[in-house]
Structures are given as structure tokens and as C-alpha cells.
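Fold the following, please.
(one chain, ligands or ions: 2)
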Amino acid sequence: MPTILIIEDDPVFARRLARNLGLDGFMAEVAEGSEAGLRMLTRKSYDAVLCDVKMPGMGGLDLLSHVRRGEEREVDPDLPIVMLTSVTSVETAVDAMQRGASDYLTKDAGRPEIVVRLNRALGARRMADENRRLREAVERTGEFGELVGDSVEISRIKDDIREVAPTGASVLITGETGVGKELVARAIHRESGRSGDFVDINGAMLPDDTMLQSELFGHERGAFTDAKTMRKGKLELADGGTLFIDEVGDVSRDVQAKLLRVLETMTFTRVGGGKPIEVDVRIVAATNSDLMEDVKVGGFRDDLYYRLNVFPVDIPPLRRRRADIDPLARAFLRNAAARSGRPVPEPDEGAMQLLHGYNWPGNIRELRNICERLVIRARGGSVINEEDIRNCGIGETADVERIVNFPDTGISIDDLERKLVIEALRRSNWRQTEAARLLGISTDRMNNRVKKYGITHRKWRVNK
Ligand SMILES: Nc1ncnc2c1ncn2[C@@H]1O[C@H](COP(=O)(O)OP(=O)(O)OP(=O)(O)O)[C@@H](O)[C@H]1O
Ligand SMILES: [Mg+2]
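Numbers count the residues shown, from 1 in each chain. Ligands and ions are numbered 1, 2, ... in the order given. Down below sits the predicted model:
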């Protein structure tokens with residue numbers, strides 16, 4: 001049975017309301033006035049509050065703001081609070097909602113109306129709790145769960161995570177787009193045993209001082225024109241937990257100095273507020289640019305760099321740890337199939353070889369997207385072949401085009417040559433003499449490249 005606290009200075013009205021709530025299946029208690037109300041709220045946990053607006057001493061609206069700001073340590077700032085007004089006043093109603101009231105009612109509201117509004121406030125609260133619980137469950141498993149991979153690189157990263165997680169040291173994660181930087185950051189938070197939340201902020205969203213301040217520090221109500229309610233900044237939200245600064249290389253030079261100072265003192269004030277707030281936050285930052293290079297050319301402050309880079313974790317691109325392609329592809333195919341209730345399709349050898357040989361400029365995110373597309377396209381069939389993979393735009397040709405169009409994908413001449421050789425072999429149905437002719441090179445040279453790059457194909461084994 002939901003327990004409701006009625007905060008109301010008129011005892012006659014309060015008792016009648018309490019009796020009615022009792023008839024409608026609620027437990028109701030009465031606090032005569034706001035001081036008594038706050039006292040009762042700190043002593044016991046209620047499911048919701050019905051609070052009069054006009055009361056002597058602290059009025060209902062101030063009590064509401066007080067609770068929402070989290071100023072009463074023992075009182076849940078998200079507690080459902082429905083305001084009671086004696087007359088319909090649009091201004092009061094708007095003010096109440098802006099201060100974070102769950103709803104407002106006029107005192108002449110009938111029993112059914114009160115029940116509906118109270119249940120709605122309680123339902124919204126349950127929904128918010130449920131969402132948070134689900135989100136946390138997803139973060140623990142599935143999507144943000146285990147790092148998949150068999151390569152020595154992934155094992156090393158897992159060792160690094162286990163080693164650094166419990167220490168509280170700042171971690172700087174580097175790697176190309178889609179390699180799993182955020183996944184690793186979340187893993188560090190999870191393994192750290194820190195009880196607070198994982199909160200992320202994007203360096204590209206801190207272009208100037210104002211943004212930095214409102215994002216990181218939050219603001220008091222009325223701090224500026226749009227500040228209708230108090231808002232906690234990311235630092236405060238991450239108290240006891242982890243602040244993940246993504247794309248830290250994009251933080252503007254001006255803002256870097258401020259950021260450094262905050263990270264060093266872990267103390268700040270909300271915009272428009274005087275009280276310094278001290279937090280305990282673990283910092284994990286990520287970047288896909290070469291920060292050391294930025295430091296050298298003066299784009300990134302070296303002191304901030306060293307403050308962040310206490311423990312570096314570098315995640316190599318997928319093409320430098322091809323041993324992970326197979327287990328990752330299978331895991332993604334399995335997940336995508338499970339989500340859509342389809343059978344898990346199995347890539348055949350030719351398909352696997354294409355996946356293996358591809359350059360993966362978008363890294364694991366790209367592999368994951370391809371696998372999801374493959375599951376959708378596998379028309380009930382359970383085998384994925386070369387054709388299916390090519391239909392997803394993956395293949396040596398696609399790769400070569402990509403390199404020609406984007407010469408800055410960090411690919412070497414050897415990579416390129418290897419791809420050309422494989423593509424020529426594929427087009428000539430894996431006959432080396434024919435492939436050599438296609439490329440205008442001698443059979444010996446072809447044979448030499450095949451050995452150099454360790455290229456194999458099942459057809460060669462059959463011919464032997
Ligand atoms: N080792 C892994 N095992 C399973 N899934 C992974 C792994 N690494 C990355 N992923 C998945 O790949 C996708 C991209 O990872 P993530 O978002 O962490 O990359 P990122 O490095 O932060 O990319 P960006 O630089 O673009 O922000 C996510 O869906 C993530 O769950
Ligand atoms: Mg990311």
C-alpha cells in the first residue's frame with residue numbers, strides 16, 4: 001500500500017484528505033506545516049507527498065525546491081511531490097512545475113481526480129526506476145558486457161583493465177574510431193567496484209567556457225535566463241563513480257586549463273552558487289587523435305596530457321589483430337540473430353576469408369553493422385557465402401577503392417599489394433598463373449608474394 005505524506009497547515013482539511021485517501025487504498029500521514037513535513041520526510045521514506053503551497057514559514061514551493069536540490073541528505077530528491085493550491089492560479093502551477101513538482105491539484109479536486117493524479121505520479125516514478133534498472137542491467141551484460149576476442153592484444157587489454165580498475169588512477173584510452181574505447185572505459189568502471197555512476201561527456205561539446213561550466217558544474221536555479229531549475233553537472237552526477245571524457249582531444253585550448261584545474265582539485269561551484277562542492281570522481285578519457293603529437297605542436301597542454309595519461313591503454317585497430325575477427329563476427333551474428341528471433345547464420349570459408357582480409361576502417365563497429373545486415377539479409381538460409389559478404393560492400397575491391405579515395409586510412413604499400421594479389425587471385429578463380437597475368441607480373445613473383453603474405457585458399461589444398 002503506497003504511503004503518502006500530506007503536508008498541510010490546515011488540520012481539518014488535512015484530516016479529511018487523509019481519511020479519503022485511506023478509503024481509496026492509500027496509507028496517509030499528516031504533517032502540520034513544512035517544518036514538521038521535512039522532519040517526517042527525513043525520518044521515514046514515503047512513496048509520495050501531497051504538499052500545500054501556502055503555509056506559514058517555509059512555503060510549499062520552497063520545500064519542493066529544497067527537496068529537489070537534494071539539500072536534505074536523507075530525502076530522495078526524485079520523490080513524487082504533488083502540490084495543492086487553494087485557487088487555480090496559472091502562475092503558481094507553472095512555478096510549481098518548473099521547480100520539479102510531479103503535478104499540482106486544486107484543493108477542491110474530488111476523490112477520483114486525486115487518486116488518478118497520485119497514481120500517475122507514482123507510476124512515473126516506478127517507470128523511471130525501472131528504466132534505470134534496465135539500463136544498468138544492459139550496461140553490466142550484453143551490449144556493454146564482455147570484451148570479445150582471442151588475440152594477444154585483447155588479452156593484454158583485459159589484463160590492463162583488471163590491473164588499473166581498482167586503483168582510481170586516470171586512464172587515457174587511445175584508438176581509432178570503433179575499436180571499443182567506450183566499451184573499455186565502461187569495463188574499467190565496472191571492475192573498479194566504485195558505487196557511483198558511469199557518466200560520459202564529449203570533449204567536442206566543450207568549445208568554450210560557458211559550455212564547460214554548465215556541462216561539468218551544473219547551475220543553480222536562476223543562474224541565467226534559461227535556468228528554470230537547478231541542474232547538477234556531470235562532475236556531480238559522477239560523484240563516487242567514473243567520468244568518461246570522450247574525444248578529449250577536441251577540448252579547446254582555452255577550456256583545457258580550466259579542466260586541468262578542476263581535475264586537480266575535484267572542487268567546484270555550480271554556476272550561480274557560492275557553495276564549493278567537492279567530489280570523488282575517477283577520470284577515464286579517450287581520444288582517436290595522436291595527443292602526444294598535439295602536445296608537440298602546441299594544440300594540447302602537456303600538463304593536462306600527463307594528468308590524464310597516468311595509465312595509457314592503446315586499442316589497436318581491428319586489422320592489426322585479425323585473430324579477433326572470427327570470434328567477434330560469430331558473437332555479433334549470434335546476438336543479431338537472437339534479437340530478431342532468426343537462426344544463427346554460419347559464414348562459409350570463402351566468406352570468412354573475405355571478412356579476414358578486409359581492412360575494417362570502421363573497426364569493430366563496422367564489423368558489427370555488417371553482421372547485423374547479414375542476419376537481416378540471410379533469407380532464412382543458414383550459410384553466408386562470399387556473395388553475401390560482397391553484397392554488403394565488403395571485398396578486396398571495395399577496399400582498394402576506399403584506399404584510392406581516402407589515402408589517409410593508415411594503410412601501407414604492403415597492405416595494398418596484399419589486397420591486390422588476393423583480388424587478382426579471386427578474379428582468376430585462385431589460379432596463380434592467371435592472377436599473375438592479370439597483374440602483369442611473372443608467376444615467380446606471384447608465387448613469391450603469395451608466400452610473403454601467407455595467402456592460402458582451400459582450392460589449392462584440393463589441387464595438391
Ligand atoms: N572487444 C569487443 N567485443 C565486443 N564488442 C565490441 C568490442 N569492441 C568494440 N565492440 C563494440 O563495437 C562498437 C564500437 O565500440 P565503441 O563505441 O566502444 O568504440 P569507440 O572506440 O568508442 O568508437 P568512437 O571513437 O567512434 O567513439 C560497440 O557496439 C561496442 O560494443
Ligand atoms: Mg566512443
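
drop to CA atoms for contacts and neighbour counts, all remaining ones
OK.

Which residues of the stretch 201-350 of the chain lie near ligand 1?
Residues of the stretch 201-350 of the chain lying near ligand 1 by CA under 6 Å from any ligand atom: N288.

Strands of the stretch 1-150 of the chain, start to end?
Under the criterion DSSP state E, counting those that start in this stretch, the stretch 1-150 of the chain contains strands at 3-7, 27-31, 48-52, 81-85, 103-106.

In a markdown table, list the ones you listed along with distance to ligand 1 and mean pLDDT.
Compiled in a markdown table, the strands of the stretch 1-150 of the chain are given as follows (distance: least, CA to the nearest ligand atom, whole Å; pLDDT from 0 to 100):
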| stretch | distance to ligand 1 | mean pLDDT |
| --- | --- | --- |
| strand 3-7 | 42 | 96 |
| strand 27-31 | 46 | 96 |
| strand 48-52 | 38 | 96 |
| strand 81-85 | 38 | 94 |
| strand 103-106 | 38 | 92 |
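
Turn those into CSV, columns for mean neighbour count.
Shown next, in CSV, are those (neighbours: other CA atoms under 10 Å):
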stretch, mean neighbour count
strand 3-7, 24
strand 27-31, 20
strand 48-52, 26
strand 81-85, 24
strand 103-106, 20
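
Now do A424 against G440, distance only.
According to CA to CA, to the nearest Å, A424 and G440 sit 11 Å apart.

the more surrounded of these two?
More crowded of A424 and G440, by other CA atoms under 10 Å: A424, with 22 against 10.

sec struct for the more buried one, please.
helix (DSSP: H, G, I helix; E, B strand; the rest coil).

do the same with V199
strand.

Now do the phi/psi pair for the nearest residue to it once chain neighbours are set aside.
With CA to CA, 6 or more residues apart in numbering as the criterion, V199 has its nearest non-adjacent residue at 5.0 Å, and that residue is L243. In terms of degrees, to the nearest 10, the main-chain angles of L243 are phi -100, psi 120.

Quick one: neighbours of L243, just the number.
26.

which strand residues sit across from it in the sheet?
V199, I283 (DSSP bridges).

can you pull the contacts of it?
F198, V199, D200, I201, K234, L235, V281, R282, I283, V284 (CA atoms under 8 Å, 6 or more residues apart in numbering).

ok, the residue positioned nearest the centre of the chain - contacts?
Ranked by distance to the mean C-alpha position of the chain (CA atoms, centre = their mean), the top residue is D200 at 6.5 Å. D200 sits next to K234, L243, F244, I245, D246 when contact means CA under 8 Å, 6+ apart.

Can you tell me which of those comes closest to ligand 1?
Nearest to ligand 1 among the contacts of D200: D246, at 7.4 Å, using CA to the nearest ligand atom.

The closest one and I188: what is the separation?
14 Å.

Checking D415 next. Helix, strand or coil?
Applying three-state DSSP: D415 is helix.

how many neighbours does it have?
Neighbours of D415 using other CA under 10 Å come to 14.

Check T242 too.
T242, neighbours per other CA under 10 Å, totals 30.

for T167, same thing?
10.

Leaving out chain neighbours, which residue sits closest to it?
S192 (7.5 Å).

Domain ranges for this protein, per the record?
Domain assignment for the chain by automatic domain parsing gives 3-135, 154-316, 320-463.

Need the ones you listed in a markdown table (columns: distance to E146).
Formatted as a markdown table, the domains of the chain follow (distance: least, CA to CA, whole Å):
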| stretch | distance to E146 |
| --- | --- |
| domain 3-135 | 16 |
| domain 154-316 | 8 |
| domain 320-463 | 11 |
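
Worst mean pLDDT among these?
Sorting the domains of the chain by mean pLDDT places domain 320-463 lowest, at a mean of 82.

Once you drop chain neighbours, what's closest to the residue of the stretch 301-450 of the chain at minimum distance from ligand 1?
Nearest to ligand 1 in the stretch 301-450 of the chain, going by CA to the nearest ligand atom, is R365, at a distance of 4.1 Å. Closest residue to R365 apart from its sequence neighbours, by CA to CA, 6+ apart: G178 at 4.9 Å.

Quick one: residues contacting the one you found.
So G178 contacts G362, N363, I364, R365, E366 (CA under 8 Å, 6+ apart).

if we go to 10 Å?
Counting by CA atoms under 10 Å, 6 or more residues apart in numbering, G178 makes contact with N288, P317, L318, W360, P361, G362, N363, I364, R365, E366, L367, R368.

Among these, which ones are in strands?
Applying DSSP state E to the contacts of G178, no entry is found in strands.

and the end-to-end length of stretch 18-35?
19 Å.

now do stretch 79-96
14 Å.

If you count neighbours, what's buried in it?
For stretch 79-96, burial by neighbour count (16 or more other CA atoms under 10 Å) applies to L79, P80, I81, V82, M83, L84, T85, T92, A93, A96.

quick one, what contacts S45?
T3, I4, L5, E74, V75, D76, L79.

Any figure for the gap between it and T3?
8 Å.

Kindly report the same for R390.
When R390 is compared with T3 (using CA to CA), they lie 62 Å apart.

can I assume the residue nearest to R365 sits in a helix?
No: G178 is assigned coil when assessed by three-state DSSP, not a helix.

Near the residue nearest to P276 when sequence neighbours are not counted, how many other residues are there?
The shortest distance from P276 to any non-neighbouring residue, by CA to CA, 6+ apart, is to T269 (4.6 Å). Residues lying near T269 (other CA under 10 Å) number 17.

got a list of what T269 touches?
T269 sits in contact with Q213, F217, G218, H219, E220, G233, K275, P276, I277, E278, where contact means CA under 10 Å, 6+ apart.

T3 too?
Neighbours of T3 in contact, by CA under 10 Å, 6+ apart: L21, G22, G25, F26, M27, A28, E29, S45, Y46, D47, A48, V49.

follow-up on the earlier one: thinking the residue nearest to T167 is in contact with V281, fair?
No: the pair S192 and V281 does not pass the contact test of CA atoms under 10 Å, sitting 11.9 Å apart.

related to what we said a few turns ago, relative to V148, which of the domains of the chain is closest?
For V148, the closest of those is domain 320-463, at 6.0 Å, according to CA to CA.

how long is stretch 268-281 end to end?
12 Å.
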